[in-house]
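# Below is the sequence, then the predicted model.
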Amino acid sequence: MNLDLDPTDRAFRDQMRTFFAEHTPPEFKARIRTGMRLEPAEYTAWQKLLHSRGWGAPSWPKEHGGAGFTPTQHYIFESEASRADAPMQYHQGLELIGPIVFTFGSEAQKAKYLPAIVAGDDWWCQGYSEPGAGSDLAAVSTRAVRDGDRYVISGQKAWTSYAHVANRMFLLARTDPQARKQAGISLFLIDMDTPGITIRPVITMDEVHHTNEVFLDDVRVPLTALLGEEGKGWGYGKVLLDRERGVTAAFTLRLAQQLRGARQAAAQALTPGGTMLDDPRVADRLAQFELEAMALETMVMRTMAEAASGQDSGPRASMIKIRWSELLQQVTEFWTELLGYDAAPFGAVGNQPLAGEGPWPAKGMLYARVTSIYGGANEIQRNIIARRALGL
Ligand SMILES: Cc1cc2nc3c(=O)[nH]c(=O)nc-3n(C[C@H](O)[C@H](O)[C@H](O)COP(=O)(O)OP(=O)(O)OC[C@H]3O[C@@H](n4cnc5c(N)ncnc54)[C@H](O)[C@@H]3O)c2cc1C
């Protein structure tokens, strides 16, 4: 989207545009464009490159090692990255736990964890969901019992993304089983090599190993693993919800990539009358998606402006989450339909994996199913809208 920028921000935009054009590895682009994820080592290399420029944490304040961007600069940074098909930074350390640590953590925790997140030296995973606690997260039953100078943690976490890669986990555990649901929950920062942690892979339908089951059997961690106060873990999560608003905004800017990919695929697919783009049904669908993506981006900018001026955006973050996830699913489905067999990384005969980088929109399409489930399922977002916007 074209912004009316002042000269300082225009110079910043030009700097970012040049950086992303020159430094985005070409081998990432096809995967990024279809909405697929990179390999963990690739994310780490990208994080280290940004860190070397002082942009390791674009959304953090300078005092904690962040880039200290203004909201406009942050928006420009993300949209220029999207424009160049550059990867997003992996978010669980940067956007989920890092800000909780700098807001509520002890000085020792800040010194230990924040620099390693920004530098790409630590990989964090999020141990919130459990088999009986997803949407109803307050039902977590993993227990942390104090025993001398240790907490002993036992339970099971579900769907833990990249637990097999991470060296640290932030997890919710119940420290007071007598307290009301939310009140007895605490937040812990633990090392993944602590004895008693077992990780079992869960392969998702895009045939990638993103997620895991994590079993915690009498995992003994020091008292310093507790973040903030015992029993206050639920409240710290509220900061996380505010941060997730920013993460969704960044995701939304990425829709332009899938739209460009789908348009290019249609323009290259030959038909007896020209290309698929000459078919008014195809051109109409693409134009409709593009208009909706622009409308969504306008809403994101409004939400960012409100956040910068300390205003409450009401349930708008929920509205953005729903619309973004639906659009992403629809666009990647449409792109897959356009390409047919060629959308998947398998030959039509023998189902052998094909060489090369794609684009494979079928993979992105399958992965996109998760966007209406994680970060608060869309039904839960609709409940929030019903409560906060409609007063139901
Ligand atoms: C690929 C993937 C990666 C994930 N990564 C992580 C991670 O790294 N860390 C982590 O902690 N979690 C992670 N999750 C878990 C995710 O947050 C949960 O799947 C999500 O919160 C939904 O919980 P659930 O799966 O238990 O479904 P449930 O909560 O059982 O919901 C099942 C269905 O019922 C609906 N529903 C539930 N309650 C209501 C209600 N009150 N009103 C209306 N409808 C309702 C839901 O919307 C959903 O459609 C991941 C999930 C996936 C699929």
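That came in fine, so what should we check first?
# Could I get the buried residue list for the host helix or strand of M301?
Using DSSP states H and E, the element containing M301 is helix 280-308. Neighbour-count burial for helix 280-308 flags 282, 285-286, 289-290, 292-293, 296-297, 299-301, 303-304, 307 (criterion: 16 or more other CB atoms under 10 Å). From N, CA and C alone the C-beta is placed, and that goes for glycine too.
# Minimum distance to the ligand, which residue of the protein gives it?
With CB to the nearest ligand atom as the measure, G134 is the residue of the chain nearest to the ligand, at 1.9 Å.
# so where do the helices sit in the stretch 251-392 of the chain?
For the stretch 251-392 of the chain, the helices defined by DSSP state H, counting those that start in this stretch occupy 255-268, 280-308, 316-339, 361-368, 378-388.
# could you dump the ones you listed to TSV with distance to the ligand and mean pLDDT?
As requested, these are exported to TSV (distance: least, CB to the nearest ligand atom, whole Å; pLDDT from 0 to 100):
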stretch	distance to the ligand	mean pLDDT
helix 255-268	18	92
helix 280-308	21	90
helix 316-339	11	93
helix 361-368	8	90
helix 378-388	3	93
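# And these: which comes nearest M205?
helix 361-368 (5.2 Å; CB to CB).
# My read is that V140 contacts E130, right?
Yes - the pair V140 / E130 is scored as a contact, 5.6 Å apart, by CB atoms under 8 Å.
# quick one on the thing from earlier: kindly calculate the angle that the helix holding M301 makes with helix 255-268.
170 degrees (axes from the mean of the first three to the mean of the last three CA atoms, to 10 degrees).
# Packing partners of helix 280-308?
Counting contacts by 3 or more CB pairs under 8 Å, 6 or more residues apart in numbering; DSSP states H and E, helix 280-308 is packed against helix 71-83, helix 233-253, helix 255-268, helix 316-339.
# would you turn those helices into JSON lines with mean neighbour count?
Below are the helices and strands packed on helix 280-308 laid out as JSON lines (neighbours: other CB atoms under 10 Å):
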{"stretch": "helix 71-83", "mean neighbour count": "21"}
{"stretch": "helix 233-253", "mean neighbour count": "19"}
{"stretch": "helix 255-268", "mean neighbour count": "20"}
{"stretch": "helix 316-339", "mean neighbour count": "21"}
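# Can you add distance to R369 and give those back as TSV?
Converted to TSV, those look like this (distance: least, CB to CB, whole Å):
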stretch	distance to R369
helix 71-83	22
helix 233-253	15
helix 255-268	14
helix 316-339	7
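# which one of the ones you listed lies closest to K29?
helix 255-268 (9.1 Å).
# what's the spacing between the closest one and its chain's center?
22 Å (CA atoms, centre = their mean, to the nearest Å).
# With just CA atoms, put that helix into PDB.
Extracted C-alpha coordinates of helix 255-268, given in PDB (Å, rounded to 0.1, in the frame of the first residue of the first chain):
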ATOM      1  CA  LEU A 255      -1.000 -11.900   2.100                       C
ATOM      2  CA  ALA A 256       0.400  -9.700  -0.700                       C
ATOM      3  CA  GLN A 257       3.000 -12.500  -1.400                       C
ATOM      4  CA  GLN A 258       0.400 -15.200  -1.900                       C
ATOM      5  CA  LEU A 259      -1.600 -12.900  -4.100                       C
ATOM      6  CA  ARG A 260       1.400 -12.000  -6.300                       C
ATOM      7  CA  GLY A 261       2.200 -15.700  -6.600                       C
ATOM      8  CA  ALA A 262      -1.400 -16.600  -7.600                       C
ATOM      9  CA  ARG A 263      -1.500 -13.800 -10.100                       C
ATOM     10  CA  GLN A 264       1.800 -14.800 -11.600                       C
ATOM     11  CA  ALA A 265       0.800 -18.400 -11.800                       C
ATOM     12  CA  ALA A 266      -2.400 -17.400 -13.700                       C
ATOM     13  CA  ALA A 267      -0.400 -15.200 -16.100                       C
ATOM     14  CA  GLN A 268       1.900 -18.000 -16.900                       C
END
